[in-house]
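Novice: Give me a 3D structure for the following:
(2 chains)
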Amino acid sequence: MVKSRFAPSPTGNLHIGGARTALFNYLYTKHHGGIFVLRIEDTDVERSKEEYVDDILGGLSWLGVHWDEGPYYQKDRMDIYREHAFRLLEAGHAYKCYCTPEVLDEKKKKALKEGGKPHYDRTCRDLPPDDASNEGKPFVIRFRSPVTGQVSFTDLIRDTITFRCEELDDLIIFRTDNTPTYNFTVVIDDALMGITHIVRGDDHINNTPRQILIYEALKYPVPQFAHVPLIHGKDKARLSKRHGATSLLEYRNDGFLPEALMNYLARLGWAHGDQEIFTQEELIEKFDLPAVGKSPSVFDMDKLTWLNGHYMKTLPEEEIAGRLLPFLKGLGIETSCDARLVRVVVSLRERSRTLKEMARMSEYFFRDDFPFDEAAGAKFLTAATKPILLDFAEGLKVITSMDEEEALKALIEGLTKKYNAKPVAVIQPVRVALCGRTVSPGIFEVVAILGKETVRKRLTRAIESIQ
RNA sequence: GUCCCCAUCGUCUAGCCUGGUCCAGGACACCGGCCUUUCAAGCCGGCAACGGGGGUUCGAAUCCCCCUGGGGACGCCA
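Specialist: Take a look at the predicted model:
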């Protein structure tokens, strides 16, 4: 049975990189019919915040990455970590260290200056067990790391990775304030929760040998590892706040669809032949860890936008209509998900790439008092077009329903003959009169959705606006 | 500085394991055309890459070594 986990620390929002790691865990686990666990690593009391937890849970839920267990919180498990630290201390796998941060910092700087590794010099590693000189002083607990030998593991994405033990140092597993640190808690929780596969960012490769050593000292089975390359920004550096949206939820607010995000994220670092479009079911069916690339990938907003456009025009129209509602509300438009809204969606979905864009483009379907775009008015609402608009309004009177496309076509054809003009010369002024802008869905769709009375009123308003 | 990881079009990638079918395929973006009622969409076409050097081999994007480049880690953060 495969059991995996996503273990973010609530010291920041759920960003694209974290979301992809969570997604890869999820897809791999579901592919194998396993269990996906969510665990919040909040041992850093100073920086952990409730609002970030909300953002992470909200982001994952929106994306469609659902956890089977959790969320577990590490702050609820402190006793477990303490008990384990004690066990290690008893067995001689850990020791108390009395060096102060200031001293440590100096030693580090010195080592670095001399071209060495900035590692702890193990001053306290071999203090006699009956040492009384440090009695009462604050201390941390360090893991006693082997000095010789090597640690290797088989990474599901990169094959064998080996570290020499002398590269590792005696890391702190418990702080002076009696709280545990990451490399310790992560091992205990993964072991206790029965995690079989650890899929995480490759910035954790260096931590892996240290964690393996802890598993071994605790006599827990070592899980499988898979290190996913990091996502980079356009400048090829690790994705960070300055590369744009910091929270996944910002993409939701910008009008992106979770289907598009999931599809895009899955394809970032992973491929299945030449296929670009995947449903969630297909991803679960086809995703596999060995197919994940080893090199970092650059986040490309253009491609995401393209994919979003694809889903805008292929998802069921009622679905899009429902999701458009909050964006309309954002523009002060209160409407319901009725047949008319669906009609608006159908007319606009081919030309909008996000829900936000669609909402902006649909404004004139819901308001009569919109302003005319200045350039559009100057070009198409003029003394020259006034007679055309008057004739068009007049011709409309004998047409009963705006759904009578044939009759409307005939009306426009008649006017093109009368004015010896191309259809566009008739249609554009009408479009500006009805929509206030030169860009809109097909004019027959527009009039059909607006209805006769609205069309009449808007023509009148436009004509009156001409001096 | 030390250690670890990585390296195909501008970007995401296929191909690499199991050398020849690859003078390298798809997608986004870009450019051009068609369609057309505006804008899109759609369709057709174009531009564009195996980082460098050595090997191995009849033959290398594919295997090996070195170099270079990029990234990551080196926290009483996770």
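
Novice: can the worst-scoring helix or strand of chain A on mean pLDDT be found next to RNA strand B?
Specialist: Scoring the helices and strands of chain A by mean pLDDT, DSSP states H and E places helix A:101-113 at the bottom, with a mean of 84. Yes. Judged by Cβ under 7 Å from any atom of the strand, helix A:101-113 comes into contact with RNA strand B through A:101, A:104, A:108, A:112. In short, each C-beta sits where N, CA and C put it, glycine included.

Novice: Selection in ChimeraX covering whichever of these are buried, please.
Specialist: Applying 16 or more other Cβ atoms under 10 Å to these, the buried members can be selected in ChimeraX as follows:
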select /A:104,108
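
Novice: could I get the residues of helix A:101-113 next to RNA strand B as TSV with distance to residue A:23?
Specialist: Listed next are the residues of helix A:101-113 next to RNA strand B as TSV, based on distance: Cβ to Cβ, whole Å:
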residue	distance to residue A:23
A:101	38
A:104	38
A:108	37
A:112	38
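
Novice: helix or strand right after the least confident helix or strand of chain A?
Specialist: Sequence-wise, the next helix or strand downstream of helix A:101-113 (DSSP states H and E) is strand A:140-143.

Novice: near RNA strand B at all, that next one?
Specialist: Yes. Strand A:140-143 reaches RNA strand B (Cβ under 7 Å from any atom of the strand) through residue A:140.

Novice: Contacts for that strand, please.
Specialist: Residues from elsewhere that reach strand A:140-143, judged by Cβ atoms under 8 Å, 6 or more residues apart in numbering: A:85, A:88-89, A:93-97, A:120, A:124-125, A:170-176, A:184, A:210, A:213-214, A:217.

Novice: Tell me the gap between the helix or strand following it and the middle of its chain.
Specialist: Toward the C-terminal end, the helix or strand that comes next after strand A:140-143 (DSSP H and E) is strand A:150-155. Here strand A:150-155 is found 31 Å from its chain centre; the criterion is Cα atoms, centre = their mean, to the nearest Å.

Novice: is RNA strand B contacted by strand A:150-155?
Specialist: No. On the criterion Cβ under 7 Å from any atom of the strand, strand A:150-155 is out of touch with RNA strand B, staying 7.8 Å away.

Novice: ok, and for that strand, which residues are buried?
Specialist: Across strand A:150-155, burial judged by 16+ other Cβ under 10 Å covers A:151, A:153, A:155.

Novice: Would you mind giving those residues as CSV with pLDDT added?
Specialist: Compiled in CSV, these are given as follows (pLDDT from 0 to 100):
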residue, pLDDT
A:151, 94
A:153, 95
A:155, 95
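
Novice: Just the CA atoms of the least confident helix or strand of chain A, as PDB, please.
Specialist: The C-alpha coordinates for helix A:101-113 follow below in PDB (Å, rounded to 0.1, in the frame of the first residue of the first chain):
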ATOM      1  CA  PRO A 101      24.500  30.500  18.900                       C
ATOM      2  CA  GLU A 102      27.100  33.300  19.100                       C
ATOM      3  CA  VAL A 103      30.000  30.900  19.500                       C
ATOM      4  CA  LEU A 104      28.600  28.700  16.700                       C
ATOM      5  CA  ASP A 105      28.300  31.600  14.400                       C
ATOM      6  CA  GLU A 106      31.900  32.600  14.900                       C
ATOM      7  CA  LYS A 107      33.200  29.100  14.400                       C
ATOM      8  CA  LYS A 108      31.200  28.900  11.200                       C
ATOM      9  CA  LYS A 109      32.500  32.100   9.800                       C
ATOM     10  CA  LYS A 110      36.000  31.100  10.600                       C
ATOM     11  CA  ALA A 111      35.700  27.700   8.900                       C
ATOM     12  CA  LEU A 112      34.200  29.400   5.800                       C
ATOM     13  CA  LYS A 113      37.000  31.900   5.700                       C
END
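
Novice: Now which of the contacts of strand A:140-143 would you call buried?
Specialist: By neighbour count, with 16+ other Cβ under 10 Å, these hold A:85, A:88-89, A:93-97, A:120, A:124, A:170-174, A:184, A:210, A:213-214, A:217 as buried.

Novice: how about the nearest residue to residue A:312 once chain neighbours are set aside, phi and psi?
Specialist: The shortest distance from residue A:312 to any non-neighbouring residue, by Cβ to Cβ, 6 or more residues apart in numbering, is to residue A:349 (5.3 Å). Dihedral pair for residue A:349: phi -60, psi -30, per degrees, to the nearest 10.

Novice: What score does residue A:233 have for pLDDT?
Specialist: On pLDDT, residue A:233 comes in at 84.

Novice: Looks like it contacts residue A:239 (just checking).
Specialist: Yes. Contact status for residue A:233 versus residue A:239: in contact at 5.3 Å, counting by Cβ atoms under 8 Å.

Novice: I'd like to know how many residues surround whatever residue of the stretch 351-467 of chain A ends up closest to RNA strand B.
Specialist: Closest to RNA strand B within the stretch 351-467 of chain A is residue A:351: 3.4 Å, counting by Cβ to the nearest atom of the strand. Look at residue A:351: counted by other Cβ atoms under 10 Å, it has 15 neighbours.

Novice: How much space separates it from residue A:358?
Specialist: Look at residue A:351 and residue A:358: by Cβ to Cβ, to the nearest Å, they are 9 Å apart.

Novice: Now do the contacts for the most centrally placed residue in chain A.
Specialist: Ranked by distance to the mean C-alpha position of chain A (Cα atoms, centre = their mean), the top residue is residue A:248 at 3.5 Å. Residue A:248 sits next to A:13, A:14, A:15, A:16, A:18, A:19, A:55, A:59, A:62, A:63, A:261 when contact means Cβ under 8 Å, 6+ apart.

Novice: Now with 7 Å, please.
Specialist: Taking Cβ atoms under 7 Å, 6 or more residues apart in numbering, we find residue A:248 in contact with A:14, A:15, A:16, A:19, A:59, A:63.

Novice: just to confirm, which helix or strand has the first one in it?
Specialist: Following DSSP H and E, there is no helix or strand that holds residue A:14.

Novice: about what we covered before: if you count surrounding residues, which of residue A:233 and residue A:239 has more?
Specialist: Taking other Cβ under 10 Å, residue A:233 and residue A:239 do not tie; residue A:239 has more neighbours (20 against 15).
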